[in-house]
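J.: build the 3D model from these lines:
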Amino acid sequence: MAEATGAAEHPPDGGPRETSAGVGPVDHVDTTDALAALLRQLRRRAARRNGGAQLTYRQLAARTGWAHGVIGDYFAGKTLPPTDRFDTLVQLLGATGRELRLLATARDRVEEARRSRLAAGGRTGSSGTDDAGPLLPAPRQLPADVPELLGRGWELDALDVLRPGPRGGGPVVVALDGPGGVGKSALAVHAAHRLAERFPDGQLYADLRGSRHDERPVPPADVLRRFLCALGAPRLYPCRAADAAAAYRTLLTERRVLIVLDNARDAAQVRPLLPAAHGCAVLVTSRGVLAALNGANHLHLTPLRPPASIAVLELWAGQGRLGAERDAAEAIARHCGHLPLALRIAGARLAARPRWPARELAGRLADPARRLAELSFADLDMRAALEAGHRELLTRGPSGRAAALALPLLALEQGELTVAEAAATTGGAPSATEVILEQLLDVQFLESRAPGRYRFHPLTRLFARMLP
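T.: Residues are numbered from 1 along each chain as shown. A predicted model of the protein is given here:
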């Protein structure tokens, strides 16, 4: 293989020209666009040498575990890969030892050029690929990532829309909803980590506590003050929430920041926290659908499929723990209703009891009267996750309280419910009963796959039956 060259050859478009066998030139590369052109050269050369098509972003994602959308950003020059990722990527593309050194030097030169622009106190103001961030350290507030997120490949692909947008547009907003225990927060945090490199000016995170059964929702003004501080605001803003929101939007102008708002109660809690900057993106999680959030893309989470449920259970129980007890593992997953939180709890219990056979836990969970009590370990509690929805009903005025009172009666019925059947069970008028059913649907105690037809999730039904 020929070595990389430093010859200063440039095509009419201004990017580096590909040589007959090597990759170059690299000596004057100091922008992400030029560095991306080198990556594209390596990709084309690897395809020629292997006698096949170029590796797709999805194929590279499968080999590295990175989000394929982020890999696309590397090749488009939208994002500068971190040093370790850049080294891995060029090795996968067949760079020689000397090319690795030259390319690593070029990558460092791009980083140094960006820092020089920062020190000069300006932004390039061009296409955005080398847009400088603030002089203060960028906030990195995301919670720790989960080790693996199994069974959510399609959802992670859908969240690839989170990226800085074109000038003249607003921020991309995705609202992620689903019942308690379905894994909304885990998915949001995992996706945010995967996509963080698209947002070099930082990642902001706040738990809004709208789905916490034991705490009050956090006022938007409190979150705004925290975010302003993290963004380097010159002073605190004890003033009105509207003034703090205006200062927040001002500080985010021309910055590329990802904002994760976890456990939102409703759209009103979220609206003051939305930026106006085109370079920002927002990921919101909530129990109910935030249909009143203007311009949001909605992603509805449902329980896992059975094979993914077994994989999650095995992940938390420990490698090889369930290999000889497949039937017991399938029973545990079924009793957990294929909800990630319940599966995690069951796996943690098995990991904490290394001498227990899996069939012991399966037998305990088989008893409906004790199932929710068994799905508790340390600070993880399936019942608590469901209590949050019941608490929200009680704060929704007379109709919400009526729905909370009807919940245990409705849970006595098996299978799907129609409005007429529910009215006969509660003794109410059909019109009033439909309002109750819709309230229960809003807090994800019920699901509806067709107009006028409702059904419980198995664990939600158990919880409802145990209410006084």
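
J.: the residue nearest to residue 56 when sequence neighbours are not counted: how many residues sit nearby?
T.: Nearest residue to residue 56, sequence neighbours excluded (Cβ to Cβ, 6 or more residues apart in numbering): residue 68, at 8.0 Å. For every residue, glycine as well, the C-beta is placed using N, CA and C. When neighbours are defined as other Cβ atoms under 10 Å, residue 68 has 19 of them.

J.: again, but for the one 3 residues further on
T.: Taking other Cβ under 10 Å as the neighbour definition, residue 71 ends up with a count of 23.

J.: quick one, grab the pLDDT at it.
T.: If you check residue 71, the pLDDT there is 87.

J.: what does the pLDDT read for the residue nearest to it when sequence neighbours are not counted?
T.: In space, residue 71 comes closest to residue 57 once its chain neighbours are excluded; the distance is 4.6 Å by Cβ to Cβ, 6+ apart. We have a pLDDT of 87 for residue 57.

J.: show me what contacts residue 57?
T.: 68, 69, 71, 72, 75 (Cβ atoms under 8 Å, 6 or more residues apart in numbering).

J.: quick check, the first one in contact with residue 55.
T.: No - here residue 68 does not reach residue 55: they are 11.0 Å apart, not a contact under Cβ atoms under 8 Å.

J.: the longest helix along the chain - contacts with which helices or strands?
T.: Counting residues, the longest helix found in the chain (DSSP state H) is helix 97-119. Secondary-structure packing of helix 97-119 (3 or more Cβ pairs under 8 Å, 6 or more residues apart in numbering; DSSP states H and E): helix 32-50, helix 83-92.

J.: counting by contacts, list what whichever helix or strand comes after it packs against.
T.: Once the chain leaves helix 97-119, the next helix or strand it forms, by DSSP states H and E, is helix 153-158. Contacts defined by 3+ Cβ pairs under 8 Å, 6+ apart place helix 153-158 against helix 184-195.

J.: after the helix it packs on comes which helix or strand?
T.: That would be, after helix 184-195 and using DSSP H and E, strand 203-207.

J.: show me the strands in the chain, by range?
T.: 172-177, 203-207, 258-264, 281-286, 297-300, 376-377, 380-381, 417-418, 446-450, 453-456 (DSSP state E).

J.: quote the end-to-end distance of stretch 179-199.
T.: Counting by Cα to Cα, to the nearest Å, you get 29 Å between the two ends of stretch 179-199.

J.: please disregard the earlier target; I meant stretch 409-417.
T.: Terminal residues of stretch 409-417 lie 12 Å apart, using Cα to Cα.

J.: same deal with stretch 355-374?
T.: Span of stretch 355-374 from end to end, Cα to Cα: 17 Å.

J.: circling back to that earlier point, ranking the helices and strands packed on helix 97-119 by burial, who's on top?
T.: With neighbours taken as mean count of other Cβ atoms under 10 Å, those reach their highest mean count in helix 32-50, at a mean of 19.

J.: using PDB, list the CA coordinates for that helix.
T.: Only the C-alpha atoms of helix 32-50 are listed here, as PDB (Å, rounded to 0.1, in the frame of the first residue of the first chain):
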ATOM      1  CA  THR A  32     -13.600  19.300   9.700                       C
ATOM      2  CA  ASP A  33     -14.600  19.500   6.000                       C
ATOM      3  CA  ALA A  34     -11.100  18.800   4.800                       C
ATOM      4  CA  LEU A  35     -10.700  16.000   7.400                       C
ATOM      5  CA  ALA A  36     -14.000  14.400   6.300                       C
ATOM      6  CA  ALA A  37     -12.700  14.500   2.700                       C
ATOM      7  CA  LEU A  38      -9.800  12.300   3.800                       C
ATOM      8  CA  LEU A  39     -12.200   9.900   5.500                       C
ATOM      9  CA  ARG A  40     -14.200   9.600   2.300                       C
ATOM     10  CA  GLN A  41     -11.000   8.900   0.300                       C
ATOM     11  CA  LEU A  42     -10.200   6.100   2.700                       C
ATOM     12  CA  ARG A  43     -13.700   4.700   2.400                       C
ATOM     13  CA  ARG A  44     -13.500   4.700  -1.500                       C
ATOM     14  CA  ARG A  45     -10.000   3.200  -1.500                       C
ATOM     15  CA  ALA A  46     -11.100   0.400   0.900                       C
ATOM     16  CA  ALA A  47     -14.000  -0.500  -1.400                       C
ATOM     17  CA  ARG A  48     -11.600  -0.600  -4.400                       C
ATOM     18  CA  ARG A  49      -9.100  -2.800  -2.600                       C
ATOM     19  CA  ASN A  50     -11.800  -5.200  -1.400                       C
END
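
J.: leaving out sequence neighbours, find the closest residue to residue 295.
T.: Nearest residue to residue 295, sequence neighbours excluded (Cβ to Cβ, 6+ apart): residue 173, at 6.0 Å.

J.: check residue 466 too.
T.: Of all residues not flanking residue 466 in the chain, residue 372 sits nearest, at 7.2 Å (Cβ to Cβ, 6+ apart).

J.: ok, that neighbour - how many residues close by?
T.: Neighbour count for residue 372, taken as other Cβ under 10 Å: 19.

J.: surely it and residue 382 touch.
T.: Yes - between residue 372 and residue 382 there is a contact under Cβ under 8 Å: 5.9 Å.

J.: between those two, what contacts are shared?
T.: Overlap between the contact sets of residue 372 and residue 382, as judged by Cβ under 8 Å, 6+ apart, is given by residue 459.

J.: just want the most central residue of this protein.
T.: The centroid of the chain falls nearest to residue 188 when counting by Cα atoms, centre = their mean (2.1 Å).

J.: OK, contacts around it?
T.: Listed by Cβ under 8 Å, 6+ apart, the contact set of residue 188 reads 176, 260, 262, 283, 285.

J.: so for the first one, what's the pLDDT?
T.: Per-residue confidence at residue 176 stands at 97 (pLDDT).

J.: list the contacts of it.
T.: Contact analysis of residue 176 by Cβ under 8 Å, 6+ apart lists 184, 187, 188, 283, 284, 285, 286, 299, 301.

J.: and residue 458, how far is that from residue 371?
T.: Residue 458 is 9 Å from residue 371, where distance means Cβ to Cβ, to the nearest Å.

J.: quick one on the thing from earlier: can you check which of the helices and strands packed on helix 97-119 gets nearest to residue 146?
T.: When the helices and strands packed on helix 97-119 are compared by Cβ to Cβ, helix 83-92 sits nearest residue 146, at 19.7 Å.

J.: export the closest one as PDB, just CAs?
T.: Extracted C-alpha coordinates of helix 83-92, given in PDB (Å, rounded to 0.1, in the frame of the first residue of the first chain):
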ATOM      1  CA  THR A  83      -9.300  11.000  19.000                       C
ATOM      2  CA  ASP A  84     -10.100   7.300  20.000                       C
ATOM      3  CA  ARG A  85     -13.000   7.100  17.500                       C
ATOM      4  CA  PHE A  86     -11.000   8.700  14.700                       C
ATOM      5  CA  ASP A  87      -8.200   6.200  15.200                       C
ATOM      6  CA  THR A  88     -10.700   3.300  15.200                       C
ATOM      7  CA  LEU A  89     -12.400   4.600  12.100                       C
ATOM      8  CA  VAL A  90      -9.300   5.100   9.900                       C
ATOM      9  CA  GLN A  91      -8.100   1.600  11.000                       C
ATOM     10  CA  LEU A  92     -11.400   0.100   9.900                       C
END
